[in-house]
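J.: A structural model of the following input is requested.
(chains A, B, C and D)
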Protein chains: 2
Amino acid sequence: MKVNKELLKGSTVIMILTLLDRKEMYGYEMIKEIECQSEGVFSLKEGTLYPILHMLEAERWVEASWSEHEGRKRKYYTITDAGRGQLKEKKQEWNLFRGALERVIGEGHA
Amino acid sequence: MKVNKELLKGSTVIMILTLLDRKEMYGYEMIKEIECQSEGVFSLKEGTLYPILHMLEAERWVEASWSEHEGRKRKYYTITDAGRGQLKEKKQEWNLFRGALERVIGEGHA
DNA sequence: TTATAATACCTAGTAAATCTATGTATAGAT
DNA sequence: ATCTATACATAGATTTACTAGGTATTATAA
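T.: Got it, this is the predicted structure:
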């Protein structure tokens, strides 16, 4: 499929980039935030999130820096300009996907 | 993730079951129909569709029967009651997923 | 005081979904 | 005669996310 292949990856990446577009965050915090904001629907696993964060860093869509908070080491991520561009693209992709699926399954008039 | 894992499979299955809930169809026809109704966004490959149809049949969500039309053999699929139940469930799942994602990425107020 | 839960990061291996590529076969158009 | 469209099918590769495991610190409860 044209969009969906991107979407499975996209639906996670789009959430991460959206959070980082609001403020810098660390991985563990993102998991809790996504769980909270989605009202428990998404419970991202660490084994899912961390590899994605490393990929985002390799793509230069985010930047990471270590800092210490109350004896704990945290890796804070910030979004880059390229990341903001990607976010915009992925949001358009999501709208395209959602619109197309709903045309097929007939939401809005069913 | 709780929903997404189901959704990648689900987004295709939900479309197939929706089509079959309207009328009986054969595989090749479904590909063209989905492509048309989604305005070209989804172009399901045969290598994707046929294994799914066989799975749906094994799950007893659809039933298949061969018939001939102008010298061509077609395998027509019809939805079962169990299939209609699944369709209802998958539509609820889609709404849950869409709602949760949009709460996180802030559509509706962004 | 010791065990457990919560915080905070990481990776290897596995499972699941879809795609690519390929095969068979017929009908119609060029 | 060859190419395109129709119509089915499967094997293997790729991609994505999960499971399961590992390290380490702090706070809480038994």
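J.: Next, the angle from the longest helix anywhere in chain A to helix B:81-105.
T.: Longest helix in chain A, counting residues (DSSP state H): helix A:81-105. Angle of helix A:81-105 versus helix B:81-105, following axes from the mean of the first three to the mean of the last three Cα atoms, to 10 degrees, is 150 degrees.
J.: Helix A:81-105 vs chain B: in contact?
T.: Yes - with Cβ under 8 Å from any Cβ of the partner chain as the criterion, chain B is reached by helix A:81-105 at A:91, A:94, A:95, A:96, A:97, A:98, A:99, A:100, A:101, A:103, A:104, A:105. No exception for glycine: its C-beta is placed from N, CA and C like everyone else's.
J.: which other residues reach that helix?
T.: Residues outside helix A:81-105 that contact it (Cβ atoms under 8 Å, 6 or more residues apart in numbering or on different chains) are A:3-4, A:6-7, A:10-11, A:13-14, A:17-18, A:20-21, A:56, A:59-62, A:79, A:108, B:11, B:14-15, B:18-19, B:34, B:37-39, B:41-42, B:91, B:94, B:98, B:101, B:105, B:107.
J.: Low-confidence stretches in chain A?
T.: A:1-10, A:107-110 (pLDDT under 70).
J.: Near DNA strand C, which residues of it are found?
T.: Neighbours of DNA strand C within chain A, by Cβ under 7 Å from any atom of the strand: A:1-2, A:4-5, A:26-29, A:32, A:46-47, A:50-51, A:53-54, A:69, A:72-75.
J.: Count residues in the vicinity of the spatially closest residue to residue A:41 that is not a sequence neighbour, would you?
T.: Once flanking residues are discounted, residue A:41 sits nearest to residue B:100: 3.6 Å by Cβ to Cβ, 6 or more residues apart in numbering or on different chains. A count of neighbours around residue B:100, defined by other Cβ atoms under 10 Å in any protein chain shown, yields 23.
J.: just to revisit the earlier point, please convert the buried members of the contacts of helix A:81-105 into PyMOL selection syntax.
T.: This is the PyMOL syntax for the buried subset of these, where burial follows 16 or more other Cβ atoms under 10 Å in any protein chain shown:
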select buried, (chain A and resi 3+4+6+7+10+11+13+14+17+18+20+56+61+62+79) or (chain B and resi 11+14+15+18+19+34+37+38+41+42+91+94+98+101+105)
